[in-house]
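1. here are the coordinates; sequence isn't available:
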């Protein structure tokens, strides 16, 4: 075939477009509809090869200029050409797909709660309360978050580290001090069902000490 | 907040764009980067809600005009607004990706038609209308395509599932609502005029070539 | 469908249409047919393929009605039934399992036909429903659905007639950390104690949070130098409750062997040292 396919195929009946306009339109549509980068060879395929590379490069230049003022841009990456959103669009686009924040596992949450409420504690203390071994990963997760730190070692065989929560932890949880952590009493008042209240009273009785907590 | 976020966030330091230009840029980038259609509410999210619907509609009008001469068009489907390639681009784009989407058998298409027009329907209803058993495969094909879903069970013995078409079905067929489908009564059965058409248009099963059926 | 069956199908179609359209005579397996086959002759090899193109008995009935220009609102039951049975009989010879639904339709057709043959008093004839009415309704409904299916089939379809834009974007924003709020912690703590309560092996003592916090605080204050004077530790505390709690905390620390409290002479300065063997050495 000597005639480029684009000449033989009607694109828009009532519009006489120049050859180059048509090439640009097709290249643009192809680049916008494929998320994978397209090489010059891919772009040639659009026209069944009946187009020279020069014209394709010209089209890419035209598209580059056309788009430079918008929120997306034409870029050359390893695999070829693609349109991508400009970095400054990210803040807007992120709002469309708000990522659901990940959640900590029960192990992490319980370990954190134990350290927060009973600090300073050793890993052994945590394990005794939780009834299961505390994995190093759990401790590391909380340490790397900057929420817990070692503040010494207990003078017992093995000299285990003592963990406590950090200033950063309080900041992240929007607390002035550890005293602002909800106490059992606060929790009680939140409950409305009588059954639960009863349940909580039993806890108080068992602990025998909860009434002191507030006053200290 | 009284100040729209778009005003307080720098988009391009050395370019002073009008507010509306920025909105158009962001809306355009969002519509081009997402394959899913975006509703006006989705678009509002881009600006954290600090934008009125009128401005969004204006932006869409501007984008519609801006793109009307290209190979891409702005369309409104059931799920919202999206950019898609114009039909006349398909001949070029097909060359990039030689695999064609699957063509569905008559059994699948008739089942889909029954669900689209008579929803919600049970499998029994479909079998009643078609006069043959509906294979599980047919239902699965439509479900995995995301075109139909179960929306409940009919309160009769056996509690059969009720099927309905999805929003995704409308989106994929470029429809805004089911009302855009011609009413069933418009399909005049066995009219002498319709008869010839019917013969020509018989949906073929696997071959994808309607010419075979024209000869039947 | 392979080429051979397509050819057969096309031939079958020609033969079927020839009866009505008087087109040139077709070839079956390369042999020209010199006479137009009367009624419903179909080469047995072609029948299977031919029948597979029908979506069931209703589809076949519609075909027969169309092909013979029958009036669907006044179906000549005898003729339709006879032709239908002819198909089904041929089908039964080859493909019994395909025929089940077709056989059911045969029974229905015969039933309708026999009901029409029954004599009924002329007076109440008007009120009596036409035995064919239900079948006609089903045929009309199915016919409409068939056309609706064609309509759906012809609608522009994503991926086939148009493509969606998908400009690359880095949707993976900055890694988010899990969000924890104080109430989560409290709930976790309570769940934990609830669980412990059920576990008889453990005795649970509820301790004052503030004392524990003060213990941490004292240890932290001691950390830079490893020791501090007693007054230093309490100099910044103005609140009496806090003072008491801190004092209790210090005693607790001593009890737990976390600190040493040393007073070298009577009424002298009391020093608090961390019990950190490494540092001490």
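-> Great, that's in hand. Here the structure is a predicted model, which means the values were calculated and not measured.
2. now check the strand or helix carrying residue A:115, is it near chain C?
-> Using DSSP states H and E, residue A:115 maps to helix A:106-118. Yes: if you take C-beta under 8 Å from any C-beta of the partner chain as the test, helix A:106-118 does meet chain C, through A:106, A:109-110, A:112-114, A:116-118. Every residue, glycine included, has its C-beta placed from N, CA and C.
3. residues making contact with that helix?
-> A:104, A:121, A:125-126, A:129-130, A:132, A:134-135, A:138-139, A:141-142, A:147-148, A:163-165, A:169, A:178, A:181, C:180, C:184-186, C:188-189, C:191-192, C:207, C:209, C:212 (C-beta atoms under 8 Å, 6 or more residues apart in numbering or on different chains).
4. does anything pack onto the longest helix along chain C? Which helices or strands?
-> If you go by DSSP state H, chain C has its longest helix at helix C:133-154. Applying 3 or more C-beta pairs under 8 Å, 6 or more residues apart in numbering or on different chains; DSSP states H and E, one finds that helix C:133-154 contacts helix B:106-118, helix B:123-130, helix B:192-201, helix C:57-67, helix C:100-117.
5. so what touches it?
-> So helix C:133-154 is contacted by B:104, B:106, B:109-110, B:112-114, B:116-117, B:129-131, B:173, B:181-182, B:184-185, B:187, B:189-190, B:194, B:198, B:201-203, C:58-59, C:61-62, C:65, C:72-73, C:75, C:108-109, C:112, C:130 (C-beta under 8 Å, 6+ apart).
6. neighbours of residue 72, how many?
-> This is for chain A. Residue A:72 is flanked by 22 other residues according to other C-beta atoms under 10 Å in any protein chain shown.
7. nope, chain C
-> Residue C:72, neighbours per other C-beta under 10 Å, totals 17.
8. quick one: secondary structure of residue A:156?
-> coil (DSSP: H, G, I helix; E, B strand; the rest coil).
9. excluding chain neighbours, give the residue nearest to it in space.
-> residue C:257 (7.2 Å; C-beta to C-beta, 6 or more residues apart in numbering or on different chains).
10. from residue C:138, how far off is that neighbour?
-> Distance, residue C:257 to residue C:138, by C-beta to C-beta, to the nearest Å: 91 Å.
11. the two: who's more crowded?
-> Comparing residue C:257 with residue C:138 by neighbour count (other C-beta under 10 Å), the higher total belongs to residue C:138, at 17 against 11.
12. separation between the more buried one and chain A?
-> Separation of residue C:138 from chain A (C-beta to the nearest C-beta, to the nearest Å) stands at 44 Å.
13. that residue and residue A:29: what is the separation?
-> Distance from residue C:138 to residue A:29, by C-beta to C-beta: 46 Å.
14. tell me where chain A has helices.
-> A:5-8, A:19-33, A:40-46, A:53-67, A:90-96, A:106-118, A:123-130, A:136-144, A:167-172, A:184-190, A:194-207, A:210-215.
15. circling back: relative to helix B:106-118, how tilted is the longest helix of chain C?
-> 100 degrees (axes from the mean of the first three to the mean of the last three C-alpha atoms, to 10 degrees).
16. what is the helix or strand following helix C:133-154 packed up against?
-> Downstream of helix C:133-154, the first helix or strand assigned by DSSP H and E is helix C:182-198. Using 3+ C-beta pairs under 8 Å, 6+ apart, the elements in contact with helix C:182-198 are helix A:106-118, helix A:123-130, helix A:184-190, helix A:194-207.
17. which stretch in these is the model least sure about?
-> Here the lowest mean pLDDT among those goes to helix A:194-207, at a mean of 39.
18. pretty sure residue A:63 contacts residue A:32?
-> No: counting by C-beta atoms under 8 Å, residue A:63 does not reach residue A:32; the two are 9.8 Å apart.
19. residues in chain A within reach of chain B, list them.
-> So chain A meets chain B at A:6, A:9-12, A:15, A:25-26, A:28-30, A:32-34, A:38, A:42, A:45-48, A:69-72, A:83, A:85-86, A:88-89, A:91-93, A:95-96 (C-beta under 8 Å from any C-beta).
20. can you flag the buried ones in these?
-> A:6, A:11, A:25-26, A:28-30, A:32-34, A:38, A:42, A:45-47, A:70-72, A:83, A:85-86, A:88-89, A:91-93, A:95-96 (16 or more other C-beta atoms under 10 Å in any protein chain shown).
21. kindly identify which of these also come near chain C.
-> Residues of those in contact with chain C (C-beta under 8 Å from any C-beta): A:29, A:32-34, A:72, A:83, A:85, A:89, A:93.
22. residues contacting residue C:163?
-> A:29, A:33, B:84-85, B:89-90, B:93.
23. for residue A:166, same thing?
-> With C-beta under 8 Å, 6+ apart, residue A:166 has these contacts: A:146-149.
24. adding neighbour count, write these out as JSON lines.
-> Shown next, in JSON lines, are the contacts of residue A:166 (neighbours: other C-beta atoms under 10 Å in any protein chain shown):
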{"residue": "A:146", "neighbour count": "13"}
{"residue": "A:147", "neighbour count": "22"}
{"residue": "A:148", "neighbour count": "23"}
{"residue": "A:149", "neighbour count": "19"}
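25. export those residues to CSV and tack on pLDDT?
-> Converted to CSV, those look like this (pLDDT from 0 to 100):
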residue, pLDDT
A:146, 90
A:147, 92
A:148, 93
A:149, 93
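26. just those now: which is nearest residue B:20?
-> Distances from residue B:20 to these, taken as C-beta to C-beta, are shortest for residue A:146 (43.2 Å).
27. how much space separates the closest one from residue A:171?
-> For residue A:146 relative to residue A:171 (C-beta to C-beta), the value is 9 Å.
28. any idea what the nearest residue to residue A:142 once chain neighbours are set aside is bridged to?
-> Spatial nearest neighbour of residue A:142, excluding adjacent residues (C-beta to C-beta, 6+ apart): residue A:148 at 4.5 Å. Per DSSP bridges, the residues bridged to residue A:148 are residue A:165.
29. what residues are up against residue A:148?
-> A:112, A:115, A:139, A:142, A:163-166, A:169 are the contacts of residue A:148 under C-beta under 8 Å, 6+ apart.
30. ok, back up a step: scan the residues of helix A:106-118 next to chain C and report the most crowded one.
-> residue A:116 (28 neighbours).
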